[in-house]
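Trainee: Dropping the sequence and predicted coords here.
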Amino acid sequence: MAATNLNIGMDLWNASSAEADAPKLRNNQPAPGAVNPPTIMGREVALGEQWIQDERDLKRQKRKQSNRESARRSRLRKQAECEDLQKKVELGNESQTLREELQRVLEECEKLTAENNSIKIMSSNNTFAVNSQQEKLERLCGPEAVANLE
C-alpha cells in the first residue's frame, strides 16, 4: 500500500516547506524567530488592517468635523446670547429714560392742573364779584343802565 501524503496543498497555506516542518503556535502564528514572506492570508490580514486603519481615520475625521460643527453652533449660540443681553441693557436704559420723562410730565401735569383749578376759582370769584356789582348797579341805576353798558 502506498503511503498517503497528508501535506498535499499545504504549500499554498505556508510560505515555505521549512515552515511546514516548523512547529506552529496557536492562531496559525509562525514560530518565534521565523521570517515569513507575505502570503495570501498575510496579505488579507494586511489589507484588513489597512481597511481598519482607514475606517478609524474616517471615524476620527467625522468626529473632528462633528466637534467643529458643535463648537461653531456653541459660538453662534454664545454670540446670540450676548446680543440678546445687549438689547436687554439698551432696553433697560431706554426704559429708565422713559420713566424719568413720564415722571417729569406727570409733575408738570399736576402743576398745570393745580394752576388751572386756581384760575377757575379766581374766575368764579370774579364772576361772582361782577354779578354782585351788576346787581348793585341794577338796584341803583336800573336794568336799562346795565343793558347799555354791555
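Mentor: In hand now; what should we look at?
Trainee: Please make it C-alpha for all contacts and neighbour counts, starting now.
Mentor: Noted.
Trainee: buried residues in stretch 62-76?
Mentor: For stretch 62-76, a neighbour-count test (16 or more other Cα atoms under 10 Å) marks nothing as buried.
Trainee: CA atoms of it as CSV?
Mentor: The C-alpha trace of stretch 62-76 is given here as CSV (Å, rounded to 0.1, in the frame of the first residue of the first chain):
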residue,chain,number,x,y,z
LYS,A,62,-16.0,62.6,11.2
ARG,A,63,-15.6,63.1,14.9
LYS,A,64,-13.4,66.1,14.4
GLN,A,65,-15.9,67.6,11.9
SER,A,66,-18.7,67.0,14.3
ASN,A,67,-16.7,68.7,17.0
ARG,A,68,-16.0,71.7,14.8
GLU,A,69,-19.7,72.0,13.9
SER,A,70,-20.6,71.7,17.6
ALA,A,71,-18.1,74.4,18.5
ARG,A,72,-19.4,76.6,15.7
ARG,A,73,-23.0,76.2,17.0
SER,A,74,-21.8,76.9,20.5
ARG,A,75,-20.1,80.1,19.3
LEU,A,76,-23.2,81.2,17.5
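Trainee: tell me the pLDDT at residue 115?
Mentor: On pLDDT, residue 115 comes in at 94.
Trainee: residues near it, how many?
Mentor: By other Cα atoms under 10 Å, the residues close to residue 115 number 12.
Trainee: ok, so what distance separates it from residue 102?
Mentor: According to Cα to Cα, to the nearest Å, residue 115 and residue 102 sit 20 Å apart.
Trainee: Out of the helices and strands in the chain, which is least certain?
Mentor: helix 17-21 (a mean of 45; mean pLDDT, DSSP states H and E).
Trainee: need the next SSE after it, C-terminal direction.
Mentor: Using DSSP states H and E, the helix or strand that follows helix 17-21 towards the C-terminus is helix 40-141.
Trainee: Check which helices and strands the next helix or strand after that next one sits against.
Mentor: Sequence-wise, the next helix or strand downstream of helix 40-141 (DSSP H and E) is helix 143-149. Counting contacts by 3 or more Cα pairs under 8 Å, 6 or more residues apart in numbering; DSSP states H and E, helix 143-149 packs against helix 40-141.
Trainee: What is the helix it packs on packed up against?
Mentor: helix 143-149.
Trainee: could you give me the average pLDDT of the helix it packs on?
Mentor: 74.
Trainee: Can you give the contact residues for it?
Mentor: Outside of helix 143-149, the residues within contact range by Cα atoms under 8 Å, 6 or more residues apart in numbering are 134, 137-138.
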